[in-house]
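Visitor: 3D model of this:
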Amino acid sequence: QRQMCIRDRSSVIAKGDCCMEKITVMGEALLRLYTGQPLEQVEQFQVTCGGTGLETACTIVRLGGRCSLLACIGEDPFGDRILEWLTRHGVDTDQMQHTGRAATTFCFVREGMQAYYPAPGADRMLSAAALREERLGESCILHVSSIDLGEEPCRFAHQRAIRTIRQQGGCISFAPCYHQALWDSSAAWQAAMRSFLPFADLITVGQESLTLLTGYPDAAGAHRLLLEGNCKLLCYLSGQGVRLTNGRSTAVVPVDQPVPEPAAAGALLYALAQDWIPGKGLSGLSHGELYRLAEFIVLYALPPALG
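Guide: Numbering: from 1, shown residues only. Next comes the predicted model:
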């Protein structure tokens, strides 16, 4: 059985330790309908629960962490299915919102092809007025994914949640991930993401999204640009490895296969919340601490293979 510990300045952080702070993940929860055939020919789909917010939250809980998902689903059987799935997997659903104005979001996924979203769904209806700020305030970290940041009322709900966490000294984690099917253009995505960068203490980003976000073709220049702002810790994911940098130190751990951004963000947040390091302390992590965090992501972001 794999065993892995991360040591910060004061203690050892071990996978599965129950003494940790709570994390709220804000993002979409949806149904994915998988097929290996063209959509016009398919007769059956494999249906799974997904979405970047849901996947990050489930990674945290799978590792033994405490996590609440803040997302919006429809008042329909599909929303009920997602809610039951989250509960069964141990994710706190007290902050979930429900709407009758749109159906639960779903997308079609054909193997090797871009996901197809037939229509905007309930995930875009997240409401600032319905936020349970007393529950949100129980978390030391708020993680925000980028899928729903381009439209109201969802955009304002994110802004209000970020303000709530920042006012109590918590950490804002941000995962800007570009999905072409959900945006009018890459320029629209870039403008929306850049408006949230000043609030991010921690950023998890992949290779394609980093280039689009910063406009820099080289990773080194993009890293410098992000760390010149409020960002105190950058987690960069590529086919070569997981790279953590805080401007003071950098650590890279190679990978056999790329680590998806939602899972990497979940593993990193779990490790940080085990022995809470306030946002202002992220920039002080040493090379050794960053290396152990990156190694933890590589080892534990993905579920162990069955066999």
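
Visitor: so residue 49 is in contact with residue 29, correct?
Guide: Yes - between residue 49 and residue 29 there is a contact under Cβ atoms under 8 Å: 7.0 Å. Yep, even glycine has a C-beta here, placed from its N, CA and C like the rest.

Visitor: who touches both of the two?
Guide: Residues touching both residue 49 and residue 29 by Cβ atoms under 8 Å, 6 or more residues apart in numbering: 82, 86.

Visitor: neighbour-wise, which of the two wins?
Guide: residue 29 (30 against 19; other Cβ atoms under 10 Å).

Visitor: list the contacts for that one?
Guide: Residues near residue 29 by Cβ under 8 Å, 6+ apart: 49-51, 53-54, 69, 71, 73, 82, 86, 96, 105, 123.

Visitor: among those, name the ones in helices.
Guide: Counting by DSSP state H, the contacts of residue 29 place 53-54, 82, 86 in helices.

Visitor: which one of those residues is nearest to residue 272?
Guide: For those, the closest approach to residue 272 (Cβ to Cβ) belongs to residue 53, at 18.0 Å.

Visitor: what's near enough to touch that closest one?
Guide: Taking Cβ under 8 Å, 6+ apart, one finds 25-29, 69-71, 145, 147, 262 in contact with residue 53.

Visitor: what about the strands in the stretch 1-150 of the chain?
Guide: Listed in chain order, the strands of the stretch 1-150 of the chain (DSSP state E, counting those that start in this stretch) span 5-7, 12-14, 22-26, 30-35, 46-50, 66-70, 72-74, 97-99, 106-110, 141-145.

Visitor: residue 283 touches residue 248, doesn't it?
Guide: Yes - counting by Cβ under 8 Å, residue 248 is a contact partner of residue 283 at 6.3 Å.

Visitor: so residue 142 sits against residue 24, correct?
Guide: Yes - using Cβ under 8 Å, residue 142 is in contact with residue 24, at 5.2 Å.

Visitor: shared neighbours, those two?
Guide: Counting by Cβ under 8 Å, 6+ apart, the contacts common to residue 142 and residue 24 are 136, 161, 165.
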